[in-house]
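A.B. asks: 3D, please:
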Amino acid sequence: MDKIGYIRLFIVLIYAFIGWTLCGAVMFIGTAVTSEFIALIIHAVAAPIIFAVVSSYYFKKYDFTTPLETAALFVAFVVLMDFVIVALLINKSLAMFGNVLGTWIPFVLIFISTYYTGLHAEKKA
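C.D. replies: Have a look, this model is predicted:
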């Protein structure tokens, strides 16, 4: 990959980071004001909405990657950050990956919402 390719990948990952951070904020606030179960439901609903909005901005402004590539990169980034930051550093446990509502459903919904948004986004001029 050339220098331009790395810059483009970095931009995609910035958008993935924004989505992951907003999802983290939903979980942080949710667990502070309600039960963990309700926070997980809210997060499962909010995650695809957050990533639809984030990816719509990405596709309108940059559109460096196809909808499938973007969805895969976004989910891969979220999984990696959840694994390293949340599971290993914060929770010091991989138990979160045993929770379908807390991880796997949001991962799938993030992929679907990003992919669908990319298919239907107004492309940059």
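A.B. asks: CA only for contacts and neighbour counts going forward, please
C.D. replies: OK.
A.B. asks: What about residue 70, how many residues nearby?
C.D. replies: By the criterion of other CA atoms under 10 Å, residue 70 has 25 neighbours.
A.B. asks: wait, it sits on residue 115?
C.D. replies: Yes - Residue 70 is within contact range of residue 115, at 7.2 Å (criterion: CA atoms under 8 Å).
A.B. asks: ok, residue 20 - contacts?
C.D. replies: When contacts are counted by CA atoms under 8 Å, 6 or more residues apart in numbering, residue 20 touches residue 78.
A.B. asks: Could I get the buried residue list for whichever strand or helix holds it?
C.D. replies: Element membership for residue 20 (DSSP states H and E) is helix 3-33. If you call a residue buried by 16 or more other CA atoms under 10 Å, then helix 3-33 has these buried ones: 9, 12-13, 15-17, 19-20, 22-24, 26-27, 30.
A.B. asks: helices or strands up against the very next helix or strand once past it?
C.D. replies: For helix 3-33, the succeeding helix or strand toward the C-terminus, using DSSP H and E, is helix 36-61. Judged by 3 or more CA pairs under 8 Å, 6 or more residues apart in numbering; DSSP states H and E, helix 36-61 is in contact with helix 3-33, helix 105-120.
A.B. asks: Kindly calculate the angle that helix 36-61 makes with helix 105-120.
C.D. replies: 20 degrees (axes from the mean of the first three to the mean of the last three CA atoms, to 10 degrees).
A.B. asks: Measure how helix 36-61 sits relative to helix 3-33, angle-wise.
C.D. replies: Using the same axes, to 10 degrees, helix 36-61 lies at 150 degrees relative to helix 3-33.
A.B. asks: Name the residues of helix 36-61 that come out as buried.
C.D. replies: 39-41, 43-44, 46-52, 54-59.
A.B. asks: Residue 52 contacts residue 117, correct?
C.D. replies: Yes - judged on CA under 8 Å, residue 52 makes contact with residue 117 at a distance of 5.9 Å.
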